[in-house]
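Peer 1: Requesting a structural model of the entry that follows:
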Amino acid sequence: HEVVESPAQAREAAQAFGRFVRLLADLPGPRLHETIPGFHDTPQRFRTLARAVTNDTCNRARSAAPEITFALQREPLASVLQNLHARGHIPERITHNDTKFNNILMDADTGRGLCVTDLDTVMPGLTLHDFGDMVRTTTSPAAEDEPDLGKVTMQLPMFEALVRGYLDALGPYLNSLERQHLAFAGKLITFEIGLRFLTDYLQGDIYFKTHRPGHNLDRCRTQFKLVQSMEEQEESMQALLSQLG
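Peer 2: Predicted structure coming up:
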């Protein structure tokens, strides 16, 4: 499946990715190799954007002025999880780092999540990064590059299903701060990928494949609209987390 069609599917996906982290929690041996160093180093992603804005090598900053302002206003978001980890408040774990729904093998008859696939990005990371990318890729009914921003919204029932599934599989292994930041994680990772799309647009579309003029800017706008939707529903998301413990 490429797209999550129901809260039940979202819950299955979250359970599968949660089980994956849980099963690797006691993996013996040395720390895993980082296949993509700095993959979720959001402060560095922000600094890269700031340089791209300053350099403006392709003369595109003017056409992305609202998106640049949106990003700069939210700079404090970038370092929250990294700071919590640096202070020892949330632990490093073995994580998947590409928690899209199409990386779950589903049982065709029962609809249950059988196993996680696409393991090339498995490396040390934070559970909140994994969960955050599930929120980013699952909760909005719109495509990642949807030009009609009116279609982009964070659907609370999908978020609730993700939380329930993740806590079902991994809840006893998460500490209180990891639980408290599940909603924030969705906002952060969505913001991070928005930064990356915006940076690539300003640098001339040198990383992500594009299929039309302004494609990366459309992608950025979609991500930032989803961030905004999460901000508008943040109180409800946190109330749900408090309710589910």
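Peer 1: All the strands of the chain, residue numbers only.
Peer 2: 93-95, 104-106, 113-116, 123-125 (DSSP state E).
Peer 1: Can you tell me which of those strands is nearest to Asp168?
Peer 2: strand 113-116 (11.3 Å; CB to CB). Just so you know, the C-beta spots here come from the backbone N, C-alpha and C atoms, and that holds for glycine as well.
Peer 1: So in the protein, which helix runs the longest?
Peer 2: Counting residues, the longest helix found in the chain (DSSP state H) is helix 182-202.
Peer 1: if you skip the residues just before and after it, what's nearest to Gly165?
Peer 2: Spatial nearest neighbour of Gly165, excluding adjacent residues (CB to CB, 6 or more residues apart in numbering): Ala14 at 3.1 Å.
Peer 1: Would you mind measuring from the residue minimising distance to the centre of the chain to Glu75?
Peer 2: Centrality entry for the chain: nearest residue to the mean C-alpha point is Asp133, 2.4 Å, by CA atoms, centre = their mean. Asp133 sits 21 Å away from Glu75, going by CB to CB, to the nearest Å.
Peer 1: likewise Val163?
Peer 2: 27 Å.
Peer 1: Settle it for me: which of the two has more neighbours?
Peer 2: Looking at Val163 and Glu75 with other CB atoms under 10 Å, you find the greater number of neighbours at Val163, namely 25 against 13.
Peer 1: circling back to that earlier point, who touches the residue nearest to the centre of the chain in this structure?
Peer 2: Applying CB atoms under 8 Å, 6 or more residues apart in numbering to Asp133 gives the contacts 97-100, 189.
Peer 1: got the contact list for the residue lying closest to Ala52 once chain neighbours are set aside?
Peer 2: Counting by CB to CB, 6+ apart, Leu202 is the residue found nearest to Ala52 once chain neighbours are left out, at 4.1 Å. By CB under 8 Å, 6+ apart, the contact set of Leu202 is 49, 52-53, 56-58, 60-61, 64.
Peer 1: So among those, which ones count as buried?
Peer 2: 49, 52-53, 60-61, 64 (16 or more other CB atoms under 10 Å).
Peer 1: Switch these over to JSON lines; also include distance to His211 and pLDDT.
Peer 2: JSON lines is the format used below for the buried ones among the contacts of Leu202 (distance: CB to CB, whole Å; pLDDT from 0 to 100):
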{"residue": "Leu49", "distance to His211": "23", "pLDDT": "98"}
{"residue": "Ala52", "distance to His211": "21", "pLDDT": "98"}
{"residue": "Val53", "distance to His211": "25", "pLDDT": "98"}
{"residue": "Arg60", "distance to His211": "18", "pLDDT": "98"}
{"residue": "Ala61", "distance to His211": "23", "pLDDT": "97"}
{"residue": "Ala64", "distance to His211": "19", "pLDDT": "98"}
